[in-house]
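Asks: quick one, what's the 3D model for this:
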Amino acid sequence: TEIYTLHIVGSVNVYKRQLIRFHLNSMSLTEIKVRQAHCKEKTCFLSDEDGLSLKIEPSGRKSWCYRYTDPQTKKRRRIQLGLYPDLSLKKARQVRDDFKDNDFCFEHDTASNVITFGKVGDEWLQFKIKNAFNDLPRCGVLQLAERCLQQDIYPDLQDLPFQNIKRYDLVSVIKKIEGRQVKEPVKKACSYLNQIYDYAVAMGYCEFNIAHGLNKIAINSKIKKNYPYLKAEDISDFKYKLQKLDAHPIIKKALMFKLYTGVRGAELLLAEPHHFDLNEKIWKIPALHIKQFRRKVILGHEIPDFLVPLSNQALEILKDVMQWSYGEKYLFASPRNHNQPIHFNTLNMAIRKMGYGKHQLSSHGLRSTFSTILNDSGLFQDNWIEAQLSHIDKNRTRASYNHADYLVQRTEMMQWWGDYLSNG
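Replies: Coordinates of the predicted model:
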């Protein structure tokens with residue numbers, strides 16, 4: 001009984017110690033705790049009460065944050081109330097209470113006069129959309145910019161007064177993204193911040209672009225490489241793997257037709273049956289579908305169709321594809337969605353299923369294969385190849401661009417390429 005009693009007493013004491021420790025850890029902050037708090041390795045938060053917390057960065061910078069549920073979106077948000085010690089613990093609690101009492105908004109008489117980073121960012125994005133004549137590029141650059149703002153930049157900067165943001169605030173955002181071990185989002189965020197501040201300077205929201213040169217703090221983890229492509233000796237293996245690939249025939253034919261013609265992905269997937277003249281063996285690609293002419297067409301310039309001569313081999317694939325996609329709007333129609341083309345990612349996914357890694361081959365790499373082998377052959381002039389790739393000659397003085405340039409020479413060149421592939 002004595003042992004049993006001691007065990008019970010001991011358990012109660014342990015429980016009491018744990019309970020006391022719990023209360024100590026959950027106690028509200030004090031000015032002394034706030035003043036002495038520091039964080040060595042990464043940003044951390046010290047909770048106070050009712051959603052208020054102290055954000056401490058490795059540099060020693062401290063700021064007050066408030067986390068709450070937005071009454072309209074029902075999503076959790078965190079806003080910055082101010083910097084410590086400019087805003088004391090007592091004042092931070094008061095600002096939080098005022099914010100809550102005002103239906104989770106800052107005082108209207110002051111908020112309406114404060115230009116936040118979010119307001120400038122949204123205004124910049126709308127400017128980009130209007131400047132593109134509301135034409136959303138197929139590559140999704142505008143959607144990518146909006147996603148970067150919402151996911152990577154706004155969580156830390158959206159509610160801050162634009163004039164109060166310092167260079168270090170931008171650096172913190174970039175380093176936070178970089179901490180995810182990603183490369184492209186870091187580059188995009190640097191670019192977008194620079195564009196936003198260029199726009200802000202032009203509009204008079206600030207005097208200087210404090211985002212200039214942000215890319216210089218990004219860690220270069222990889223050496224830039226061109227699109228991976230097939231070497232001449234790899235073509236026969238590619239054809240064999242494509243033949244054995246377990247995929248819809250329309251997808252396999254799209255990859256082969258892209259290799260035979262050397263066109264861009266968007267030009268291929270937006271092709272419609274009426275764009276082709278089977279008798280003349282010509283593919284007439286609307287200028288609206290050509291990367292460097294799309295904006296000019298939207299602006300009202302009259303630009304003729306781009307002409308792509310088809311080899312006998314490409315023509316055979318084309319006739320076969322027309323049977324598969326009969327009744328569809330697009331030549332390379334989606335097997336799942338009516339009157340929709342194959343998604344661009346589908347081509348790269350098929351290449352991955354063939355066993356090629358992302359550093360070995362890509363869909364765009366088939367275009368690079370076309371260009372490289374033609375140039376290495378020494379049989380064709382550079383300007384013929386560049387014309388076939390729909391590249392603009394930068395030294396050209398004419399105001400218009402003739403899409404039928406070197407058509408006779410290109411026709412012979414494309415037939416040589418078709419024979420080369422079929423014999424490879």
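Asks: grab the nearest non-local neighbour of the spatially most central residue of the chain.
Replies: Geometric centre of the chain, nearest residue: Leu144, 4.3 Å, by CA atoms, centre = their mean. Excluding its sequence neighbours, the residue lying closest to Leu144 (CB to CB, 6 or more residues apart in numbering) is Lys188, at 6.7 Å. Quick note: C-beta positions are derived from backbone N, CA and C, even for glycine.
Asks: packing partners for the host helix or strand of the one you found?
Replies: According to DSSP states H and E, Lys188 maps onto helix 184-203. Counting contacts by 3 or more CB pairs under 8 Å, 6 or more residues apart in numbering; DSSP states H and E, helix 184-203 packs against helix 117-131, helix 141-148, helix 167-178.
Asks: packing partners of the shortest one?
Replies: Spelled out, it's helix 141-148. Other helices and strands packing on helix 141-148, by 3+ CB pairs under 8 Å, 6+ apart, are helix 117-131, helix 184-203.
Asks: quick one, the longest one and helix 167-178 angle?
Replies: Relative orientation of helix 184-203 versus helix 167-178 (axes from the mean of the first three to the mean of the last three CA atoms, to 10 degrees): 150 degrees.
Asks: for helix 184-203, buried residues please.
Replies: 185-186, 188-190, 192-197, 199-200 (16 or more other CB atoms under 10 Å).
Asks: next structured bit after it?
Replies: Under the assignment DSSP H and E, the closest C-terminal helix or strand after helix 184-203 is helix 235-244.
Asks: state the mean pLDDT of the helix or strand just after that next one.
Replies: Of the helices and strands lying after helix 235-244 in sequence (DSSP H and E), the nearest is helix 249-261. Mean pLDDT, helix 249-261: 97.
Asks: how far off centre is the next helix or strand after helix 249-261?
Replies: Remark: after helix 249-261, the chain's next helix or strand is helix 265-269, criterion DSSP H and E. Distance, stretch centre to chain centre, for helix 265-269: 20 Å (CA atoms, centre = their mean, to the nearest Å).
Asks: average model confidence for helix 265-269?
Replies: pLDDT averaged over helix 265-269 gives 93.
Asks: just to check, Trp64 is in contact with Leu81?
Replies: Yes - proximity of Trp64 to Leu81 meets the contact threshold set by CB atoms under 8 Å, at 4.2 Å.
Asks: mind jotting down where the helices sit in the stretch 251-400 of the chain?
Replies: For the stretch 251-400 of the chain, the helices defined by DSSP state H, counting those that start in this stretch occupy 265-269, 294-298, 312-324, 344-353, 363-377, 382-388.
Asks: dihedrals phi and psi, Phe208?
Replies: phi -130, psi 150 (degrees, to the nearest 10).
Asks: state the next helix or strand along the chain beyond the worst-scoring helix or strand of the chain on mean pLDDT.
Replies: Taking mean pLDDT, DSSP states H and E as the measure, the chain has helix 2-25 as its least confident helix or strand, at a mean of 40. Counting by DSSP H and E, the next helix or strand C-terminal to helix 2-25 is helix 31-36.
Asks: so what touches that next one?
Replies: Defining contact as CB atoms under 8 Å, 6 or more residues apart in numbering, one finds that helix 31-36 is touched by 46, 54, 62, 84-85, 88-89.
Asks: buried residues in it?
Replies: Those would be Val34, for helix 31-36 by 16+ other CB under 10 Å.
Asks: before we move on, what about stretch 310-318?
Replies: 310-311, 313-315, 317-318.
Asks: about what we covered before: common neighbours of Trp64 and Leu81, please.
Replies: 52, 87, 92, 95.
Asks: among these, which one has the lowest pLDDT?
Replies: Lowest in pLDDT among those is Leu87, which has 85.
Asks: distance of Lys291 from Tyr227?
Replies: Lys291 is 15 Å from Tyr227, where distance means CB to CB, to the nearest Å.
Asks: typo on my end, it should be Arg336
Replies: 28 Å.
Asks: just to be sure, Tyr68 is in a strand?
Replies: Yes - according to DSSP: H, G, I helix; E, B strand; the rest coil, Tyr68 belongs to a strand.
Asks: which residue is the nearest non-sequential neighbour of it?
Replies: Once flanking residues are discounted, Tyr68 sits nearest to Gly51: 5.3 Å by CB to CB, 6+ apart.
Asks: pretty sure that neighbour contacts Tyr66?
Replies: Yes - checked against CB under 8 Å, the pair Gly51 and Tyr66 is within contact range at 5.4 Å.
Asks: need the pLDDT of the residue nearest to Ile129 when sequence neighbours are not counted.
Replies: Excluding its sequence neighbours, the residue lying closest to Ile129 (CB to CB, 6+ apart) is Leu142, at 6.0 Å. pLDDT, Leu142: 81.
Asks: around Leu142, how many other residues sit close by?
Replies: Other residues near Leu142 come to 16 when the count uses other CB atoms under 10 Å.
Asks: contacting residues around it?
Replies: Here Leu142 is in contact with 125, 128-129, 132, 136 (CB under 8 Å, 6+ apart).
Asks: hmm, back to that, where among the helices and strands packed on helix 184-203 is average confidence lowest?
Replies: Here the lowest mean pLDDT among these goes to helix 141-148, at a mean of 87.
Asks: and it, how far out from the chain's middle?
Replies: Chain-centre distance of helix 141-148: 6 Å, with CA atoms, centre = their mean.
Asks: quick check: next helix or strand after it?
Replies: Next along from helix 141-148, by DSSP H and E: helix 154-157.
Asks: buried stuff in that next one?
Replies: Taking 16+ other CB under 10 Å as the criterion, helix 154-157 shows 154, 156-157 as buried.
Asks: kindly report the same for stretch 284-293.
Replies: Of all the residues in stretch 284-293, those buried under the rule 16+ other CB under 10 Å are 284-287, 289-290, 293.
Asks: from Lys241, how far off is the residue nearest to Leu144?
Replies: Per CB to CB, Lys188 is found 34 Å from Lys241.
Asks: point out where this structure drops to low pLDDT.
Replies: Along the chain, the parts satisfying pLDDT under 70 run over 1-27, 106-113, 133-140, 221-226, 392-404.
Asks: count of neighbours near Arg93?
Replies: Arg93 has 20 nearby residues by other CB under 10 Å.
Asks: dump the helices of the stretch 251-400 of the chain to a markdown table, plus distance to Lys176.
Replies: Shown next, in a markdown table, are those (distance: least, CB to CB, whole Å):
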| stretch | distance to Lys176 |
| --- | --- |
| helix 265-269 | 33 |
| helix 294-298 | 34 |
| helix 312-324 | 47 |
| helix 344-353 | 28 |
| helix 363-377 | 31 |
| helix 382-388 | 43 |
